[in-house]
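> Sequence and predicted structure are below.
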Amino acid sequence: MQIIKRRKWFYALSLIIIIPGLISLFLQGLNLGIDFTGGSITHIKLPSQVTTAEVREVLEKQGLEKAEVQKSGDEFYLRTSELTQEETDELMAALKEEFSEVVFMSAESVGATIGGELTRNAILAISIAAVLMLIYISFRFEWTFGIASIVSILHNVLVVLGAFSLFQWEVNSAFIAAILTVIGYSINDTIVIFDRVRENMRGTRKQDYEDLVNRSVAQTLNRSVNTVLTSIFPLVALLILGGSTIKLFVLAMLIGFVVGCYSSICIASSTWYEIKTSRAAA
Amino acid sequence: MQRNTSIAIIAAIVVVIGIISYFVYQPLLNNINLGLDLRGGLRVVLEAEELEGEKVTQDTIEKALGILRTRVDALGVKETVLYPQGDKRVVIEIAGEDDPEAAVNILKNTAQLQFMDEEGNVVLTGKNLVDAQAQMKRDGSNEAEIALEFDKEGTELFAKATSENVGKPIIIVLDGQPISAPTVREPITNGQAVITGNFTAKEAQDLAVLLRSGALPVSLKVMEKRSIGPTLGADSLDKSLKAGLVGLIAILVFMIGYYRLPGLIADLSLVIYTMLVLGTMAILDAVLTLPGIAGFALSIGMAVDANVIIYERIKEELRWGKTLVAAIEAGFKRAFTAIFDANITTLITAAVLMYFGTGPIKGFAVTLSIGIVASLLVALTFTRYMLVLFANITKNEKAYGI
């Protein structure tokens, strides 16, 4: 395994993936769902020949001009400004009158402040967790491993965020849980490789670090691949067989796991090597 | 240990695990609290509105919760959970009602009852009530009314107010809305009054319950409302379970195919592990939500990972030329530090999220934490014991995928 020799290629590959995502994040941001913006989503089932234009017409008659209507099979998602209970009831009644067969699936209504809070809480929690992780890893390993792990986690989170921004997939509160799962997976994946580096490091001289990293990655490669495979089996099953509401949620995790496996092999170990050798040179 | 004894023990273990999981699985699933996103229902987050000069404290929320609980019981709203969120919020989750919206609309009424004179001075409030009962009007119409009974102080206040206002109306105001304005014919000194309005029997009964349980100390505003229809709830649960099962079978097949004999041990470990996690969730009364399923998926991945790490290590040791038993010993010991550190680091994250997170984040953290602890436990005890037992049966390294 010539990981270290090819590390510049890996950096380039990562940048090629991350930079468009970053640009997209700055230019168009994320497609935030009502959990973050406030508003209402009414999810219903209608006869499948009904078109979004027909549904929009009904919405307009109800005074909901700014509504977005999404259709997936016979399921419709109506995104509107925040509706009161009476308004939802009126809307349902109007839809029933127009299309007769209306099955109520779900209705969500969120005030604007909740989403901001959720994000703040999540960011606070993740930051505290990152500090504690760094302390734990410094204590059990060495601080250099801690920094490299965090770089790798950041890398994975950026890829997932970037992909969701590029394709404008909708982000809701469950997305935060998906990001957390990706972080958990990245840590787990990276630490096992670092554990091997730590073990092989005994008595290694500084000029042999390249070989040390290559050897450690090679020794744990089977495990890295098998683990990502078994981890994505249930995700692929959920993506294909699961309900429409959780598709994006599963997709976020799937992207994160695959990228997590790549980054723990190629990015985390290379980053550690950079830190270690630049310190040795100084 | 004798070869035959080992075979006997292994066979016994397999049979016992099989029987237990067959009989325990369904009751276990039935005992797990499913989140509203999986079973359908209504979840409403209410925020206390601060009035000028009146700060909302935890105490206010506690009081409001107490009153809401009384109302839920009195109104007979089915399968309702109430809990505070932060310092200013109350969450109401209703799973068992046909029309949960209506139930919440009644529950969240402040039910502040006031009696005013013509000039708008408050002469008496709902604080002085000892009882409120719905009854049918005696005039034979289909309308209902509410009979009120005041306490000693209320009786005196009401007597004073009615004697000062003979011939004039007393206005009865509920949550700022006048609901009735009867004219006083003579002073009322027995501490009883009747509210008439155009109530149906049901409305009168609900209002009587609200008045009996007392007014909420604050008014509550809807911040967030999610209602999942029973069709969608059942649909997501069904599909998620089916997908989960398919995913699990794929893992089981892969592990046996790749790791052979140890793969079988991994599969047995995984079955025990799943039972352990579901069992713990049932005992702790934890709620399984969609994000919780994500946490569970990650922890299954980590549980399999523990096995993968151990077997890869054992294979390595075998390639170094160690005997099977020595390789198992060494492989296990070396794999352990990796498994331990990886799990503890993830557990740190999960614990922080559990402490700071709300809603979906908490649900995720709880299942992940339970999963990690269970995975470490199973890997350390069961997997290890089984590996040693199997080593007694066959020394053939082909069985280990070499």
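Okay, I see it.

> going forward, measure contacts between C-alpha atoms and count neighbours the same way
Noted.

> Quick check: the closest residue to chain A within the stretch 51-200 of chain B vs B:Glu93, distance?
Going by C-alpha to the nearest C-alpha, chain A is nearest to B:Glu101 of the stretch 51-200 of chain B, at 7.6 Å. According to C-alpha to C-alpha, to the nearest Å, B:Glu101 stands 11 Å off from B:Glu93.

> Looking at those two, which has the bigger crowd around it?
Neighbour totals were compared for B:Glu101 and B:Glu93, and B:Glu93 leads with 23 against 18 (other C-alpha atoms under 10 Å in any protein chain shown).

> That one is in what secondary structure piece?
In this structure, B:Glu93 sits in strand B:89-94 according to DSSP states H and E.

> list the helices and strands that strand packs on?
In this structure, strand B:89-94 packs against strand B:41-49, helix B:58-75, strand B:80-85, with contacts taken as 3 or more C-alpha pairs under 8 Å, 6 or more residues apart in numbering or on different chains; DSSP states H and E.

> before we move on, the earlier item: is it fair to say the residue of the stretch 51-200 of chain B closest to chain A lies in a helix?
Yes. Under DSSP: H, G, I helix; E, B strand; the rest coil, B:Glu101 sits within a helix.

> where are the low-confidence patches of the stretch 251-400 of chain B?
Scanning the stretch 251-400 of chain B for pLDDT under 70 picks out B:358-360.

> give the contact list for B:Lys88.
Shown in contact with B:Lys88 (C-alpha atoms under 8 Å, 6 or more residues apart in numbering or on different chains): B:47-48, B:56-58, B:61.

> residue ranges with poor pLDDT in chain A?
Along chain A, segments meeting pLDDT under 70 span A:113-115, A:280-282.

> Tell me where it has helices.
With DSSP state H as the criterion, chain A has helices at A:7-27, A:34-37, A:52-61, A:85-99, A:112-140, A:143-166, A:173-201, A:209-241, A:247-262, A:269-281.

> Would you map out the domains in the chain?
By default, I'm working from chain A. Chain A resolves into domains spanning A:7-33+A:113-281, A:39-109 when parsed by automatic domain parsing.

> think we crossed wires, I meant chain B
Taken from automatic domain parsing, chain B resolves into B:3-35+B:229-400, B:41-227.

> Point out the most buried one among these.
Neighbour counts averaged per stretch over the domains of chain B are highest for domain B:3-35+B:229-400, at a mean of 19; criterion: mean count of other C-alpha atoms under 10 Å in any protein chain shown.

> Report the separation between the two terminal residues of that one.
With C-alpha to C-alpha as the measure, domain B:3-35+B:229-400 spans 18 Å from end to end.

> again with stretch B:375-382
End-to-end distance for stretch B:375-382, by C-alpha to C-alpha: 10 Å.

> chain center to that stretch, what's the gap?
For stretch B:375-382, the gap between its own C-alpha mean and the chain's C-alpha mean amounts to 28 Å (C-alpha atoms, centre = their mean, to the nearest Å).

> what does it rub up against?
For stretch B:375-382, contacts defined as C-alpha under 8 Å, 6+ apart pick out B:269, B:272-273, B:299, B:302-303, B:306-307, B:339-340, B:343.

> Please identify the most buried of the domains of chain A.
Stretch with highest mean neighbour count among the domains of chain A: domain A:7-33+A:113-281 (a mean of 20; mean count of other C-alpha under 10 Å).

> before we move on, back to that, quick check: pLDDT value at the residue of the stretch 51-200 of chain B closest to chain A.
As predicted, B:Glu101 sits at a pLDDT of 76.

> Could you do the one 10 residues further on as well?
At B:Ala111 the predicted local distance difference test score is 83.

> Surely it is within a strand?
No. With three-state DSSP as the criterion, B:Ala111 is located in coil rather than a strand.

> coming back round to it: show me the common contact partners of B:Glu101 and B:Glu93, please.
Counting by C-alpha under 8 Å, 6+ apart, the common neighbours of B:Glu101 and B:Glu93 are B:Leu42.

> out of everything not next to it in sequence, what's closest to the residue of the stretch 151-282 of chain A found nearest chain B?
When scored by C-alpha to the nearest C-alpha, the stretch 151-282 of chain A has A:Pro234 as its residue closest to chain B, at 3.7 Å. Distance criterion C-alpha to C-alpha, 6 or more residues apart in numbering or on different chains; nearest residue to A:Pro234, sequence neighbours excluded, is B:Gly247 at 3.7 Å.
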